[in-house]
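K.L.:
Take a look and give me a structure for this.
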Amino acid sequence: MPAVSKGDGMRGLAVFISDIRNCKSKEAEIKRINKELANIRSKFKGDKALDGYSKKKYVCKLLFIFLLGHDIDFGHMEAVNLLSSNKYTEKQIGYLFISVLVNSNSELIRLINNAIKNDLASRNPTFMCLALHCIANVGSREMGEAFAADIPRILVAGDSMDSVKQSAALCLLRLYKASPDLVPMGEWTARVVHLLNDQHMGVVTAAVSLITCLCKKNPDDFKTCISLAVSRLSRIVSSASTDLQDYTYYFVPAPWLSVKLLRLLQCYPPPEDAAVKGRLVECLETVLNKAQEPPKSKKVQHSNAKNAILFETISLIIHYDSEPNLLVRACNQLGQFLQHRETNLRYLALESMCTLASSEFSHEAVKTHIDTVINALKTERDVSVRQRAADLLYAMCDRSNAKQIVSEMLRYLETADYAIREEIVLKVAILAEKYAVDYSWYVDTILNLIRIAGDYVSEEVWYRVLQIVTNRDDVQGYAAKTVFEALQAPACHENMVKVGGYILGEFGNLIAGDPRSSPPVQFSLLHSKFHLCSVATRALLLSTYIKFINLFPETKATIQGVLRAGSQLRNADVELQQRAVEYLTLSSVASTDVLATVLEEMPPFPERESSILAKLKRKKGPGAGSALDDGRRDPSSNDINGGVEPTPSTVSTPSPSADLLGLRAAPPPAAPPAPSGAGNLLVDVFSDGPAAQPGLGPSAEEAFLSELEPPAPESPMALLADPAPAADPGPEDIGPPIPEADELLNKFVCKNNGVLFENQLLQIGVKSEFRQNLGRMYLFYGNKTSVQFQNFSPTVVHPGDLQTQLAVQTKRVAAQVDGGAQVQQVLNIECLRDFLTPPLLSVRFRYGGAPQSLTLKLPVTINKFFQPTEMAAQDFFQRWKQLSLPQQEAQKIFKANHPMDAEVTKAKLLGFGSALLDNVDPNPENFVGAGIIQTKALQVGCLLRLEPNAQAQMYRLTLRTSKEPVSRHLCELLAQQF
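P.N.:
Numbering: from 1, shown residues only. Predicted coordinates for the structure are as follows:
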């Protein structure tokens, strides 16, 4: 090797790298590396007075050899010695070697820590940054224990350089992610938050990353960051591209910092301070306005930065879900991206609109893009974009467009990618069931589904249609006729044979009067499919045949001949052989009366929740859309973005062949046996149409109320219902409600759906519906971690005398909740008499071996049992005068806590439960309402008047009811909403 001078920038290293690159074979490379390793080893051992430059050069060579994939077992001490050098390049190489090669359990860690401690104390900003980078790169627990207390001090020190603050913030973030318990932030919290006001944008960017991570575990400690983040965001958004020259990226001021600030704000609910909230809304509007401006550059980097801020802004708007104007504007903005030439933007727009579709404020705006989304489903080349389009159609579906969307999805299913066919099938089945007001349409849709994509129609789907046909007398004849016609197709899917075998075996007599579908023709048609089917389907057909003997005695001889055939009596399959023998004997020995009793028509299935949704959620995985945020749909609706979840037992069943409907207690005869669990969703799904048809059963309200009646002890439903828990804990057995329990409760006074509680472990969502003095509430418990919850036990507790005022019937949930999974608990509620305090919800479980518990106030307030009452002005004032006793009136004058918007006020009063009466108050700015609180014991009439004073930003609220406590309580509840 040629001689190398010390001032040539480690020419020896350059020569070595060149030699390695010039090697013609792997053997030549290894030979050259071994020669170099021997030379370096001899230098380290022989020359005790090796200078810093030589150490740096040889350590660099070792580092390069390691990066080529070879093991390095010496040179570590020489690298540690470089840390004590006062030359930047030597110290830098030492830290680089340690960061890459030193194991976190190495014996050298203590020496390294001493060197790092010296550099941190040196106040040399360059050396301090090198030390902080090393701590972050190694990230061992031992280093965390050694420096976790020092780094926050450096971060908030007044004399720390900006570059040091940046490095300290990112280093602290790395240590916190590795060992959260080692980072004590208590005394430093306020000073770290105030870094958001730092003049250096790099420090602010690093601080936002740190605070975003910290606030997820301790949101209350960092709540003061909201106003500072809004202030900083406002300054960035309103600045010109020339104001922040060092941090302007292709004419977009500080895009990375803007995105980080928007993500930080998504960790919290909307700001409570009206001024802060107003400034934030102004920022969001500015971003939406800028998105409409012509681009300042044609470079893709400009549009990427601009769109990154826009999409994060839309995510924040969706997260707040409280500003109707912004939600609609966000929807319109996303609509412009649906036909953008950039595939990624189309994908993101569809994904964001799926979430917007679940908001009551923006659902109608999303529906205006239905034609564009359908076109995307048909024409998109990227399968992932087509899948998002299908998700959006599913999310935007309601009664007004259900038939159009289901028709388009069925049409697309014929050419859909195999990877998403099963998911499309499940969605079509759910939508057809959820929005069917005409059962014939539902039957046609499911049979079309089987015809088009029979291989992808799971058992849950055809089981469900059998349940519905069995339970509805008015559709049985139509189903029998339709399935008979479907079976006449030359190529018929086996699932169609299963459905046909069941329906004709039960209801074939309803079409037997037509010569074209006479009993012999029905039997001949089914038996022509017999030899093409699997064992399970053949077993079902044999059960159909014995049913035919009871329905159509004239087919007895023919069917006995089939059962007597050697292929059946000596069948290799034990199940088929046993059925053939038993059915043949039964038909020969039993009298007509006995045969009619044994083979009588299947009784209606106990109504239960559909398991098709469970199948879809398992297909989508735990990251599927939440069922907690849909405020516009019926609680009976069961879709991904806002529907009723399946019972916990179905959610957590891992096996695809699990008993999801409870229909496999025995091998299926002509009909699957009755399910083993009772539910009550089916009537809801089909009885809340806009206009009840004559043959479709009771009205929505009658169905709802009848479902909530607890079954009598002697009824079959009572025997099938889940047993009640042994004993709920009393108020003395649980802890006090969490400090923010009242605040969380107030959010639900005027709405029924949303997220009740959320922390880093658990999310609790609520979906409820109330009619007269009855209510049903669905509680959704989501495990946000990857670790299973053990001994999971949510219970409802009645404090004080509430037990005599409110009856709450609960269903138990699974004791284990898998990581990323969600379980549902159903509560049936009955208001016995007026009450003032809500019930408590106590949730206990074990996470990672540690017990966890929290107590919340269940969002059940007296106004939930309001029945809106319309009345003329004359009747209103007459009733107002009748309630003129001082104890019957409650009045409160208070300052507005939110912007005074007439539409928002109207929406809140309607959500509160009263009817709004127009043209009653002489002052058109005032709001007048009337309603009746329904309890089992009595009815409490209620009149209200709300007088806003926009100039003074004040309200006067007056309530009059026939009971003094109710007047005061309703006045307090409603006043807190404004």
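K.L.:
Which stretches in the stretch 751-900 of the chain count as helices?
P.N.:
In the stretch 751-900 of the chain, the segments counted as helices under DSSP state H, counting those that start in this stretch are 873-882.
K.L.:
ugh, wrong one, I meant the stretch 51-200 of the chain
P.N.:
Assigned by DSSP H, counting those that start in this stretch, the helices in the stretch 51-200 of the chain fall at 52-67, 76-82, 88-101, 109-121, 125-138, 141-147, 150-156, 162-178, 189-193.
K.L.:
quick one: the first one to chain centroid distance?
P.N.:
The one in question is helix 52-67. For helix 52-67, the distance from its own C-alpha centre to the chain's C-alpha centre is 51 Å (C-alpha atoms, centre = their mean, to the nearest Å).
K.L.:
Would you mind listing the buried residues in that helix?
P.N.:
52-65 (16 or more other C-beta atoms under 10 Å). (Glycine included, C-beta is placed from N, CA and C.)
K.L.:
Which other helices and strands does that helix contact?
P.N.:
helix 11-22, helix 26-46, helix 76-82, helix 88-101 (3 or more C-beta pairs under 8 Å, 6 or more residues apart in numbering; DSSP states H and E).
K.L.:
cool, and the third one?
P.N.:
Packed against helix 88-101, as judged by 3+ C-beta pairs under 8 Å, 6+ apart, are the following elements: helix 52-67, helix 76-82, helix 125-138.
K.L.:
ok, and what's touching the second one?
P.N.:
Helix 76-82 has contacts (C-beta atoms under 8 Å, 6 or more residues apart in numbering) with 44, 50, 52, 55-56, 58-59, 90-91, 93-94, 97-98, 101-102, 106, 108, 111-112, 115.
K.L.:
and with 6 Å instead?
P.N.:
Contacts to helix 76-82, defined as C-beta atoms under 6 Å, 6 or more residues apart in numbering, come from residues 44, 55, 59, 90, 94, 97-98, 108, 111.
K.L.:
Would you mind listing which of those residues are buried?
P.N.:
44, 55, 59, 90, 94, 97-98, 111.
K.L.:
Out of the residues you listed, which is nearest to Phe507?
P.N.:
Ranked by distance to Phe507 (C-beta to C-beta), these are led by Ile98 at 79.0 Å.
K.L.:
tell me the contacts of the closest one?
P.N.:
So Ile98 contacts 79, 112 (C-beta under 6 Å, 6+ apart).
K.L.:
what's the pLDDT at it?
P.N.:
For Ile98, the pLDDT comes out at 89.
K.L.:
so what's Tyr781 closest to, chain neighbours aside?
P.N.:
Val823 (5.2 Å; C-beta to C-beta, 6 or more residues apart in numbering).
K.L.:
Redo the buried ones among the contacts of helix 76-82 as a markdown table? Include distance to Ile420.
P.N.:
Shown next, in a markdown table, are the buried ones among the contacts of helix 76-82 (distance: C-beta to C-beta, whole Å):
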| residue | distance to Ile420 |
| --- | --- |
| Phe44 | 61 |
| Lys55 | 60 |
| Val59 | 54 |
| Glu90 | 58 |
| Gly94 | 54 |
| Phe97 | 50 |
| Ile98 | 49 |
| Leu111 | 57 |
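K.L.:
re the thing from before, can I get the contacts of helix 76-82 in TSV including distance to Thr837?
P.N.:
What follows is those, written out as TSV (distance: C-beta to C-beta, whole Å):
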residue	distance to Thr837
Phe44	77
Lys55	74
Val59	71
Glu90	71
Gly94	66
Phe97	66
Ile98	61
Leu108	63
Leu111	63
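K.L.:
Could you find which two of the residues you listed are furthest from each other?
P.N.:
Most distant of those, by C-beta to C-beta, are Glu90 and Leu108, 17.4 Å apart.
K.L.:
Phi, psi for Gln476 please.
P.N.:
When quoted as degrees, to the nearest 10, the phi and psi of Gln476 stand at phi -60, psi -40.
K.L.:
dump the residue contacts of it.
P.N.:
By C-beta under 6 Å, 6+ apart, the contact list for Gln476 reads 469, 507.
K.L.:
Strands of the stretch 701-850 of the chain, start to end?
P.N.:
753-758, 762-771, 774-783, 790-797, 806-810, 822-831, 840-847, 850-857 (DSSP state E, counting those that start in this stretch).
K.L.:
would you turn those into CSV with distance to Tyr583 and mean neighbour count?
P.N.:
Listed next are these as CSV, based on distance: least, C-beta to C-beta, whole Å; neighbours: other C-beta atoms under 10 Å:
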stretch, distance to Tyr583, mean neighbour count
strand 753-758, 51, 19
strand 762-771, 47, 21
strand 774-783, 44, 22
strand 790-797, 46, 18
strand 806-810, 43, 20
strand 822-831, 40, 22
strand 840-847, 50, 21
strand 850-857, 56, 16
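K.L.:
Include mean pLDDT and distance to Leu599 when you put the ones you listed into JSON lines, please.
P.N.:
Output for the strands of the stretch 701-850 of the chain, formatted as JSON lines (pLDDT from 0 to 100; distance: least, C-beta to C-beta, whole Å):
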{"stretch": "strand 753-758", "mean pLDDT": "88", "distance to Leu599": "47"}
{"stretch": "strand 762-771", "mean pLDDT": "89", "distance to Leu599": "41"}
{"stretch": "strand 774-783", "mean pLDDT": "90", "distance to Leu599": "38"}
{"stretch": "strand 790-797", "mean pLDDT": "90", "distance to Leu599": "45"}
{"stretch": "strand 806-810", "mean pLDDT": "89", "distance to Leu599": "38"}
{"stretch": "strand 822-831", "mean pLDDT": "90", "distance to Leu599": "36"}
{"stretch": "strand 840-847", "mean pLDDT": "90", "distance to Leu599": "49"}
{"stretch": "strand 850-857", "mean pLDDT": "88", "distance to Leu599": "53"}
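K.L.:
roughly how far apart are the residue lying closest to Leu130 once chain neighbours are set aside and Tyr88?
P.N.:
Sequence neighbours aside, Tyr95 is the residue nearest to Leu130 in space, at 5.0 Å (criterion: C-beta to C-beta, 6+ apart). Separation of Tyr95 from Tyr88 (C-beta to C-beta, to the nearest Å) stands at 10 Å.
K.L.:
Give me the more crowded residue out of these two.
P.N.:
Between Tyr95 and Tyr88, counted using other C-beta atoms under 10 Å, Tyr95 has the larger neighbour count: 26 against 12.
K.L.:
Quick one: residues in contact with the helix or strand in which Ser588 is found.
P.N.:
Here Ser588, judged by DSSP states H and E, is contained in helix 574-589. Outside of helix 574-589, the residues within contact range by C-beta under 6 Å, 6+ apart are 538-539, 542, 546, 549, 560, 563, 568-569, 571.
K.L.:
Which helix or strand lies directly C-terminal to that helix?
P.N.:
That would be, after helix 574-589 and using DSSP H and E, helix 592-598.
K.L.:
Where does pLDDT dip in the stretch 801-950 of the chain?
P.N.:
For the stretch 801-950 of the chain, not a single residue meets the criterion pLDDT under 70.
K.L.:
can we see that at 80?
P.N.:
Applying pLDDT under 80 to the stretch 801-950 of the chain flags residues 848-849.
K.L.:
Please apply the same query to the stretch 301-450 of the chain.
P.N.:
Ranges of the stretch 301-450 of the chain meeting pLDDT under 80: 437.
K.L.:
Among the helices and strands packed on helix 52-67, single out whichever gets nearest to Phe866.
P.N.:
Of all the helices and strands packed on helix 52-67, helix 88-101 comes closest under C-beta to C-beta, at 64.9 Å.
K.L.:
can you dump the C-alpha coordinates of that closest one into CSV?
P.N.:
Written as CSV, here are the backbone C-alpha positions of helix 88-101 (Å, rounded to 0.1, in the frame of the first residue of the first chain):
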residue,chain,number,x,y,z
TYR,A,88,-14.6,16.9,15.7
THR,A,89,-13.7,14.4,12.9
GLU,A,90,-12.2,11.9,15.3
LYS,A,91,-15.0,12.2,17.9
GLN,A,92,-17.5,11.9,15.1
ILE,A,93,-16.0,8.6,13.8
GLY,A,94,-15.9,7.2,17.4
TYR,A,95,-19.6,8.0,17.9
LEU,A,96,-20.5,6.5,14.5
PHE,A,97,-18.6,3.3,15.2
ILE,A,98,-20.3,3.0,18.6
SER,A,99,-23.8,3.7,17.2
VAL,A,100,-23.4,1.0,14.6
LEU,A,101,-21.4,-1.8,16.3
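K.L.:
I am finished for the moment; much appreciated.
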